[in-house]
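> For reference, the sequence and a predicted model appear below.
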Amino acid sequence: MKTKSEVNEMATQPLTQDLPRKRTYIGPAFVAAVAYLDPGNFATNMTAGAQYGYLLLWVIVASNLMAVVIQFLSAKLGIVSNLSLAEVIREELSPVTRFFYWVQAELVAMATDLAEFVGAALGFHLLFAIDLRMAALLTAILSFVILGFEQKGLRHFEAVIAVLVLIIAAAFAIEVFEVHPVFRNLSAGLLPGFEGTSSIVLAAGMLGATVMPHAIYLHSDLTKRRMGHVANKLSMLRIQRFDIWGAMLIAGAVNGAMLVIAASVFYGTTYQAGSLEAIYEGLHVTLGGSAPYLFAIALLVSGLASSSVGTMSGDAIMRGFLHLQLPLFVRRTVTMLPAILLLFSGFDPTRALVLSQVALSFGIPFALIPLIRATASERYMGEHRNSRFMNTLAWIIVSIVIVFNIYLLFDVLV
């Protein structure tokens, strides 16, 4: 724990002259990037590859470029204003409206956490052939272990999450090597296009699984806590650009690998890869060897990492809106109970993932619109407020994300 004098010294010293200390500010983007590698991404990206080959690869590229902009705005808000997005929204709303805004944000975070917890349990189930109920209990135990690192400090937690992200990336890198994709076909998938209404729906699901409201709330909170006290805001923003690009390039590469693997193995065959279990079985039948186990390991690690990050997001949301904080272990217990009950009831895990995307569709505008308004505001950002170009770009991105999510919502519910 730094003393007040140490914090003031950090704020006044020129950051650009201390490279080792710069490295201590790398990490928040890797925590946020976990939201782009959660079990929902597994389901949508691999389904896209199985059904349409490389056709929708461009959606992954576009989604990740959008994510870079969105996460940078979130990080910038925390650094410059020394406020999280939830705290900014709190300042703008009446007490009654603030309460209902907090409720929807919490419900979205809990729905996301439910899907991520289910994904981790499913990873245990596939990897060790154990009952889903036992898998749920193992997931709960390991979730507590991962969250325990946060008690030692944010840097420890960020380091653990970064290692888990690299494990996911390594698993898919090995799988790409094993399936021997035809890389010359990749270029065709980088050209925007669709094949019928169902491909548009799937593209909407891919985008919806990428842009996560809870990651936006959390990223601003992490940078506020880690960098909001530093006087040299410009240097902090440069560091965060590097952090975000690095994290999102890894996330984008992994998402692309998911689609490439499914396209190489399932596209053009009669195999129906309509669920995570079916994808695992399909890899076992067609490739054998380590391929299905690498997939299950990646799914397990993804679920554990993203579920832990989801718990931290809920904590940031509660602190920001209500100025109230529960112990993380209490919050973890509360948020995982619905998932445990769902798994013990025998509910279809894949169906749970689909329903979580519907909840996300509701929450996205409530996070993105205030984010753009806040980062364009001189009151909060001063000289670092969005340029006209950045503001226009952000509104275009938000409009695309909202339209696609409304399309997805309509398709699922109607």
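Sure, I can see it.
> Contacts for stretch 183-195, please.
For stretch 183-195, the surrounding residues in contact (Cβ atoms under 8 Å, 6 or more residues apart in numbering) are 52-58, 61-62, 200, 203, 259-260. C-beta coordinates here come from the backbone N, C-alpha and C atoms, glycine included.
> mind running it again at 6 Å?
Applying Cβ atoms under 6 Å, 6 or more residues apart in numbering, the external contacts of stretch 183-195 come out as 54-55, 57-58, 200.
> which of the residues in the strand or helix carrying Met336 are buried?
In this structure, Met336 sits in helix 328-345 according to DSSP states H and E. Going by neighbour count (16 or more other Cβ atoms under 10 Å), the buried part of helix 328-345 is 328, 331-333, 335-336, 338-340, 342-343.
> helices or strands up against that helix?
Applying 3 or more Cβ pairs under 6 Å, 6 or more residues apart in numbering; DSSP states H and E, we find helix 328-345 packed against helix 95-128, helix 132-148, helix 291-322.
> just checking, what packs against the shortest one?
This points to helix 132-148. Secondary-structure packing of helix 132-148 (3+ Cβ pairs under 6 Å, 6+ apart): helix 95-128, helix 291-322, helix 328-345.
> now, of these, which is deepest in the fold?
Among those, ranked by average contacts under mean count of other Cβ atoms under 10 Å, first place goes to helix 291-322 (a mean of 25).
> That helix packs against which elements?
helix 39-52, helix 85-92, helix 95-128, helix 132-148, helix 154-179, helix 213-227, helix 276-286, helix 328-345.
> List the contacts of the last one.
Meaning helix 328-345. Helix 328-345 is contacted from outside by 110, 113-114, 117-118, 121, 132-133, 136, 140, 143, 147, 311, 314-315, using Cβ under 6 Å, 6+ apart.
> how far is it from where the chain is centred?
Between the centre of helix 328-345 and the centre of its chain there are 20 Å (Cα atoms, centre = their mean, to the nearest Å).
> now do stretch 164-171
The chain centroid and the centroid of stretch 164-171 are separated by 15 Å under Cα atoms, centre = their mean.
> and Leu57, how many neighbours?
A count of nearby residues for Leu57, using other Cβ atoms under 10 Å, gives 25.
> circling back: now the contacts of stretch 183-195 in JSON lines, with secondary structure and pLDDT?
JSON lines is the format used below for those (DSSP: H, G, I helix; E, B strand; the rest coil; pLDDT from 0 to 100):
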{"residue": "Tyr54", "secondary structure": "coil", "pLDDT": "94"}
{"residue": "Leu55", "secondary structure": "coil", "pLDDT": "94"}
{"residue": "Leu57", "secondary structure": "helix", "pLDDT": "95"}
{"residue": "Trp58", "secondary structure": "helix", "pLDDT": "95"}
{"residue": "Ile200", "secondary structure": "helix", "pLDDT": "86"}
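> Tell me the one of those nearest Gly288?
Gly288 has its nearest neighbour among the contacts of stretch 183-195 in Tyr54, at 23.8 Å by Cβ to Cβ.
> Could you find the closest non-adjacent residue to that closest one?
In this structure, Tyr54 finds its nearest non-sequential neighbour in Gly189, 3.1 Å apart by Cβ to Cβ, 6 or more residues apart in numbering.
> on that earlier part again, go through the helices and strands packed on helix 328-345 and name the closest to Ile369.
Of all those, it is helix 95-128 that lies closest to Ile369, at 11.7 Å by Cβ to Cβ.
> Average pLDDT for the closest one, rounded please.
Across helix 95-128, pLDDT averages out at 89.
> relative orientation of that helix and helix 85-92 in degrees?
Here helix 95-128 runs at an angle of 160 degrees relative to helix 85-92 (axes from the mean of the first three to the mean of the last three Cα atoms, to 10 degrees).
> Now do helix 95-128: which elements does it pack against?
On a contact count with 3+ Cβ pairs under 6 Å, 6+ apart, helix 95-128 meets helix 132-148, helix 213-227, helix 291-322, helix 328-345, helix 349-375.
> what's the offset of the first one from the middle of its chain?
In terms of Cα atoms, centre = their mean, the gap separating the centre of helix 132-148 from the centre of its chain is 20 Å.
> Show me the contact partners of it.
Contacts for helix 132-148 (Cβ under 6 Å, 6+ apart): 117, 120-121, 124-125, 304, 307-308, 328, 332, 336, 340, 343-344.
> Let's see that with 7 Å instead.
In this structure, residues lying in contact with helix 132-148 by Cβ atoms under 7 Å, 6 or more residues apart in numbering are 117, 120-121, 124-125, 160, 303-304, 307-308, 311, 328-329, 332, 336, 339-340, 343-344.
> of the helices and strands packed on helix 95-128, which approaches Ala170 most closely?
With distances scored as Cβ to Cβ, the stretch of the helices and strands packed on helix 95-128 nearest to Ala170 is helix 291-322 (8.8 Å).
> Give me the angle between the closest one and helix 95-128.
Using the same axes, to 10 degrees: helix 291-322 against helix 95-128 is 160 degrees.
> How far does helix 291-322 sit from its chain's centre?
Distance, centroid of helix 291-322 to centroid of chain: 8 Å (Cα atoms, centre = their mean).
> where are the low-confidence patches of this structure?
For the chain, the stretches flagged by pLDDT under 70 are 1-23, 350-351, 353-355, 357-359, 361, 412-414.
> rerun at 50
Filtered on pLDDT under 50, the chain yields the residue ranges 1-20.
> May I see the buried residues of stretch 184-197?
With burial defined by 16+ other Cβ under 10 Å, the residues of stretch 184-197 counted as buried are Gly189.
> Pull up the distance across that stretch, start to finish.
Stretch 184-197 has an end-to-end distance of 27 Å (Cα to Cα, to the nearest Å).
> Report the separation between the closest residue to Leu164 other than its chain neighbours and Arg226.
Nearest-residue entry for Leu164: Ala305, 4.1 Å, with adjacent residues in sequence omitted and distances by Cβ to Cβ, 6+ apart. Distance, Ala305 to Arg226, using Cβ to Cβ, to the nearest Å: 19 Å.
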